Structure formats: structure tokens, C-alpha cells
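Enquirer: Quick one, fold the following:
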Amino acid sequence: MSNLIIDVSYHNGVINWERVKASGCAGAILRCGYGDDITSQDDKQWVRNLAECKRLGIPVGVYLYSYATCDRQAESELDHILRLIKGHTFQLPIFLDVEEPGTQGYAPKCCEIVCEGLKAAGYTPGIYASLSWFNNYLGNVRGKYVEWMARYKNLPKDTYNGQYAIWQYASDGQVDGVNGRVDVNHCYMEFGGSVQPVTPSVKPAPAEKKDLGQVDITYQAYTTKWWPAVTNKADWAGKGDDVSIKWLAVKVSKGSIRARVYTQANGWLSYLTFGNSYDLNDKKNGILGDGSPILAVELYYITPEEYEYQMVHYRVSVRNNKNFYADQVDTLKASGMDGFAGDKYRFIDKFQAWIE
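Expert: Numbering: from 1, shown residues only. Below you'll find the predicted structure:
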């Protein structure tokens, strides 16, 4: 049996928690902040979200988005969490969110420092990561702490019961009281109880996958206007060298594409997921960007279940560099890069993508 819970941050705006509770949502995991223990990196809706959930008796957990690549940063992130949760009680664990490209190698050590520190302070610690991160990078800490796993697949709700405590199954859920998309989760654990780490079960041999055939990715770029749509490697999107791209639109003919951009104004924006359409007029959920120059792009292709796995390949060129950077493949660390396209300090001026 699983309960539906949501996880939210300031990206979800001002939430009407009375309507969330009335909708039947069983609980919430609130972002308290991100990175080092700096007050400007506290989540802007943390205080209000926590107060509203406590007022209404909504079971609550917490997460902090990690950027740590060394012990000093990990200890600062622990201090960040402890400062914000001090004096409060929670019915769900306190999670460290590890997904930032470039932190894969250090993530297990960071999880250990933060989770052991939370445990010593009397809290139940947990780790949030994608299925691929748990399988490929977090082996040293598997089974030690509560595990909250992200995998966006159309699967039965009890698919990961017994393997993970919580499964984030979509980022485009609709819950009354929250404007726009919201992350939704199946929660298999009890609220407020003593939670034992979930030990991964042995996976059955995978069934033979079917051939998905050609998958087309179509994309457009906005500089001072929207330029024509491009499909696969027929061309590239953008006006040309040294003209910044400020919005991107992307869609795929089969499956779906998960994407985010790093902008000059706001750094990494929230992930958005697109199927076979986008909406150039919807600047919140229909396209990628915030109107300021885009400095990096990250894409992940979600292959439909039962089909052979495919990945998105993509590349960009940037200001003062006429050549494309090396291809990126999904969110993997390919070509010695960091799992995204761009360098996060010069704007991108050309973008190209294909799936294979």
C-alpha cells in the first residue's frame, strides 16, 4: 500500500496547503535550501511551507539540494539542514538530494557525512537520487539510510515497494492547491515511525526489449525572436555566433524528454518534462528559460517502457567560440564534461540534439 505525497520548493510558488490537504495528499517533503550554510540559499518558501503544514497537521519531511564535492562543503550542508530544522519534529525523513552533475564521485562520502550527522542529532536521515545514481554511484551507502528514488516511468504504483521507501514517479503531477506541475511520489513507509533502511532486493532478469525505431527530437531557440524549428541534425537552433539564446523549446516524437537550463539570472532552473509538444506561449511550463541568456543545458531522454533504451545526444557552442563543444549524452559524464552542455559562464549561441 502506498500514499501519495508531494515534494515542493519555492519553484512551486505560494501553495494553498488547505486545498492540498483536502485533495487527499497524504504528506509533503519540503525543500529547506541548497548547498552551503548561507542564509541566501535557504528556500524562499521554507518557513511558510513548514508553518502551514504544521498548522494543518500535514506529515512533513525535508530535503536539501547538494552541491558538495569536498568534506568542507558536506559539513556546511549538514549545518545548513540542522540550522533550519532545529526545534521542529518531522514525520518523514530528512533527505540529502544528490543529483548535481559533477558531484557523482564525491556523493557517497557526502551522503555519509550528512546522514550520520543527522542521525547523531536525533533525526531519521535519507538519500534522494535517481535510479541510475543509486545503481551507478551510491553503492557504498546503499541500505544504510532511507532511500527516496526518482524514476519517471508509467509503471504500477507498487513497482518499487520493498526496494525503496519512496518513489518519485513524475514531475508533472497535478494537485489541487499547487499551481502548475508538481513532483508526485508513492510513499511506502509509515509516517512518524522508526524507519529502518530499505535493503535493495535482487532484480529479476530484464525482459527482452522491443525496437522503438526512429525517435525524432525537434527544438527551437529564441534570441530576439523564435527561429524555425529544427529536427535532429538537419541544422542547429539559434541565430548564429555570439547571439545569446534566451529560451529553448524541445519535444520528441516518442517517449519524453526531461530537461533544464542554467541561466544568467537564476542558475539551474527546475526540470521540465516534454512529450510530443511544447507551448511557446507558456513561459513557466511550456519552454525552457527565464528570458536571460542560457549558459548551459541538460537533457535526459525517457525511453518508453518495454523498448530498447535510447539516449539523447546534444551539444552547444558558446560566446567567443565558433566550434561546438563535445557531444553530451543524456546526463552522463561524457567526453570529460560534467553531464551538461555549456560552461555556465558564457552564453550558448547554437544548440543541436538527436536521439539514438
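
Enquirer: Grab the most central residue of this structure for me.
Expert: residue 271 (5.7 Å; C-alpha atoms, centre = their mean).

Enquirer: Who's the closest spatial neighbour of that residue, skipping the chain neighbours?
Expert: residue 260 (4.7 Å; C-beta to C-beta, 6 or more residues apart in numbering). To be clear about C-beta, it is placed using only N, CA and C from the backbone, and glycine gets the same treatment.

Enquirer: Can you check the pLDDT for the one you found?
Expert: Looking at residue 260, its pLDDT is 93.

Enquirer: Look up the residues forming beta bridges with it.
Expert: Beta bridges link residue 260 to residue 298 when assigned by DSSP bridges.

Enquirer: didn't it look like it was pressed against residue 273?
Expert: No - counting by C-beta atoms under 8 Å, residue 260 does not reach residue 273; the two are 10.1 Å apart.

Enquirer: Which residue ranges make up each domain of the chain?
Expert: Domain segmentation of the chain under automatic domain parsing yields 3-187, 217-355.

Enquirer: possible to save these as TSV with distance to residue 209?
Expert: TSV is the format used below for the domains of the chain (distance: least, C-beta to C-beta, whole Å):
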stretch	distance to residue 209
domain 3-187	13
domain 217-355	4
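
Enquirer: next SSE after the lowest-mean-pLDDT helix or strand in the chain?
Expert: Here the helix or strand of the chain ranked lowest by mean pLDDT, DSSP states H and E is strand 328-329, holding a mean of 81. As assigned by DSSP states H and E, the chain's next helix or strand after strand 328-329 is strand 341-342.

Enquirer: Against which helices or strands is the next helix or strand after that following strand packed?
Expert: Heading C-terminal from strand 341-342, the first helix or strand you meet, by DSSP H and E, is strand 348-355. In terms of contacts (3 or more C-beta pairs under 8 Å, 6 or more residues apart in numbering; DSSP states H and E), strand 348-355 is packed against strand 217-222, strand 247-252, strand 294-302, strand 312-318, strand 341-342.

Enquirer: now for the ones you listed, which one comes closest to residue 138?
Expert: strand 294-302 (17.8 Å; C-beta to C-beta).

Enquirer: angle of the closest one against strand 247-252?
Expert: 10 degrees (axes from the mean of the first three to the mean of the last three C-alpha atoms, to 10 degrees).

Enquirer: from the middle of its chain, how far away would strand 294-302 be?
Expert: 11 Å (C-alpha atoms, centre = their mean, to the nearest Å).

Enquirer: that older thread, for the residue nearest to residue 271, list the residues it contacts.
Expert: The contact partners of residue 260, by C-beta atoms under 8 Å, 6 or more residues apart in numbering, come to 268-272, 288, 297-298.

Enquirer: Let me see the ranges of the helices in the stretch 101-250 of the chain.
Expert: Under the criterion DSSP state H, counting those that start in this stretch, the stretch 101-250 of the chain contains helices at 107-120, 131-136.

Enquirer: looking at those helices, which is buried most?
Expert: helix 107-120 (a mean of 20; mean count of other C-beta atoms under 10 Å).

Enquirer: circling back to that earlier point, what is the least confident helix or strand of the chain packed up against?
Expert: strand 312-318.

Enquirer: Identify all contacting residues around the strand it packs on.
Expert: 217, 241, 257, 295-297, 299-301, 323-330, 341-343, 346-356.

Enquirer: Apply 6 Å and report the result again.
Expert: Contacts with strand 312-318, where a contact means C-beta atoms under 6 Å, 6 or more residues apart in numbering, come from 299, 301, 324-325, 327-330, 341-342, 346, 348-355.

Enquirer: Repeat that for stretch 80-92.
Expert: 32-33, 37, 59-62, 64, 121, 191-192.

Enquirer: Kindly recompute the last result at 7 Å.
Expert: 27, 29, 32-33, 36-37, 42, 46, 50, 59-62, 64, 94, 118, 121, 191-192 (C-beta atoms under 7 Å, 6 or more residues apart in numbering).

Enquirer: hmm, who's touching stretch 108-127?
Expert: Outside stretch 108-127, the residues touching it (C-beta under 7 Å, 6+ apart) are 66, 68, 71, 74-75, 77-78, 81-82, 93-96, 98, 137-138, 140-141, 145-148, 195.

Enquirer: Buried members of those residues into PyMOL, please.
Expert: To isolate the buried members of those in PyMOL, using 16 or more other C-beta atoms under 10 Å:
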select buried, resi 66+68+74+75+77+78+81+82+93+94+95+96+98+137+138+141+145+146+147+148+195
